[in-house]
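> Attaching a predicted model along with its sequence, questions to come.
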Amino acid sequence: ACGTGRGVVRPGPRPRGGEGRHTAMSAAGAQHLVFLVAKMPAPGRSKTRLVPELGLAGAAEVAEAMLGDVLGVLSTLASDSSVVLYFAPGSEAHRAEEFLRRASLAKAHAVPMPRLEDLNSSNLGGLLAHALELPRPPGTRTVTFVGMDTPELTAEAVLEAQEAALRGDAFMCPASDGGYVLLSVPATAPPAIFAGVEWSSPSTAASQAEAVASAGLTLRAGRCFHDVDDADDARGLLAREAPGARRTRAAVRRCLDERARARRAA
């Protein structure tokens, strides 16, 4: 569950290495690189835990709205941030580019995940480590990873994370289910920060914190957010009525209303 405090995990010995890996990935002038890790929405592939409540098409519609909401937040970041839509499956490049176009992101491009047709917990650590080793714009100083499951993510949380990474620390926003929704690290952080993380587990955030500390970084904890994974999460999103998540709330309401009308007509 989300707590109210912020914490710090102290590091172990700081490893050497990580320098000299920056080559051009996109336009110059961005000191912050933000990876949005996403599975392209499609019926039967997206948000399957929402299917019993919303149906195949409804679950995919909500997933598309969630991706749109997170991209909308990232589009408000300052010009010193560059966004990478790190997506799967690789065959959906045209859709990934369309999402970026609709979000009107000034510095953004899509990068497919390597050799994979899906995004799942068994390979996520390797995929994130691979992203950390990709060529980057000259002058990149921080790398941030966010997911598409948290439409209530705020630009303020991303900016706080980037500022911590500029100071040489890692920064994580945990999720109420034991996972996390954002991780920001200095650009020199090694891929080992993802080694041994227990994905799709109530211990994901805790194991990620241990991996970061083992890599020699101090980890600072920010605000806790709520993922939208199942029907209870979707109803919780509607009940909170917090700022943000406009597209996702509208999609959830629309799909719930359509399913209710279909049941009454049956």
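Structure's in. What do you need? Note that this is a predicted model, so its numbers are computed, not measured. Numbers count the residues shown, from 1 in each chain.
> so how far is Ser176 from the nearest residue to Gly244 once chain neighbours are set aside?
Closest residue to Gly244 apart from its sequence neighbours, by CB to CB, 6 or more residues apart in numbering: Glu152 at 4.9 Å. Where C-beta positions appear, they are placed from N, C-alpha and C, glycine not excepted. Using CB to CB, to the nearest Å, Glu152 is found at 11 Å from Ser176.
> Mutual contacts of these two, please.
Common neighbours of Glu152 and Ser176, counting by CB atoms under 8 Å, 6 or more residues apart in numbering, are 225-226.
> And the helices in the stretch 151-266 of the chain?
155-166, 204-214, 231-240, 246-265 (DSSP state H, counting those that start in this stretch).
> Between the ones you listed, which one is closest to Pro89.
Among the helices of the stretch 151-266 of the chain, helix 246-265 comes nearest to Pro89, with 22.2 Å by CB to CB.
> how much does the closest one deviate in direction from helix 231-240?
Helix 246-265 and helix 231-240 are oriented at 120 degrees to each other (axes from the mean of the first three to the mean of the last three CA atoms, to 10 degrees).
> one step back: now the helices of the stretch 151-266 of the chain in a markdown table, with mean neighbour count and mean pLDDT?
As requested, those are exported to a markdown table (neighbours: other CB atoms under 10 Å; pLDDT from 0 to 100):
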| stretch | mean neighbour count | mean pLDDT |
| --- | --- | --- |
| helix 155-166 | 20 | 98 |
| helix 204-214 | 20 | 97 |
| helix 231-240 | 16 | 95 |
| helix 246-265 | 15 | 94 |
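> Compare those and give me the one nearest Leu71.
helix 246-265 (9.7 Å).
> Run the chain-centre distance for that closest one.
Taking CA atoms, centre = their mean, to the nearest Å, the mean C-alpha location of helix 246-265 is offset from the chain mean by 26 Å.
> how far away is Glu210 from Met172?
Taken as CB to CB, the span from Glu210 to Met172 is 12 Å.
> wait, what's in contact with Cys255?
With contact taken as CB under 8 Å, 6+ apart, Cys255 is in contact with 54-55, 58, 61-62.
> Using a markdown table, please lay out the residues you listed together with distance to Gly147.
Listed next are those as a markdown table, based on distance: CB to CB, whole Å:
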| residue | distance to Gly147 |
| --- | --- |
| Leu54 | 20 |
| Gly55 | 23 |
| Gly58 | 21 |
| Glu61 | 18 |
| Val62 | 15 |
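> among those residues, which two are most distant?
The largest separation in the contacts of Cys255, counting by CB to CB, is between Gly55 and Val62 at 10.4 Å.
> Who has more neighbours out of these two?
Neighbour comparison, Gly55 and Val62: the larger count goes to Val62, with 29 against 16 (by other CB atoms under 10 Å).
> tell me which element that one is part of?
Val62 is part of helix 51-74, with elements assigned from DSSP states H and E.
> That helix to helix 231-240, inter-axis angle?
In terms of direction (the same axes, to 10 degrees), helix 51-74 departs from helix 231-240 by 50 degrees.
> In the helix or strand following helix 51-74, which residues are buried?
Using DSSP H and E, the helix or strand that follows helix 51-74 in sequence is strand 81-88. By neighbour count with 16 or more other CB atoms under 10 Å, strand 81-88 contains the buried residues 81-88.
> any idea which of those is closest to Gly72?
Using CB to CB, Val83 comes nearest to Gly72 of those, at 11.5 Å.
> Right, I'll call it a day here.
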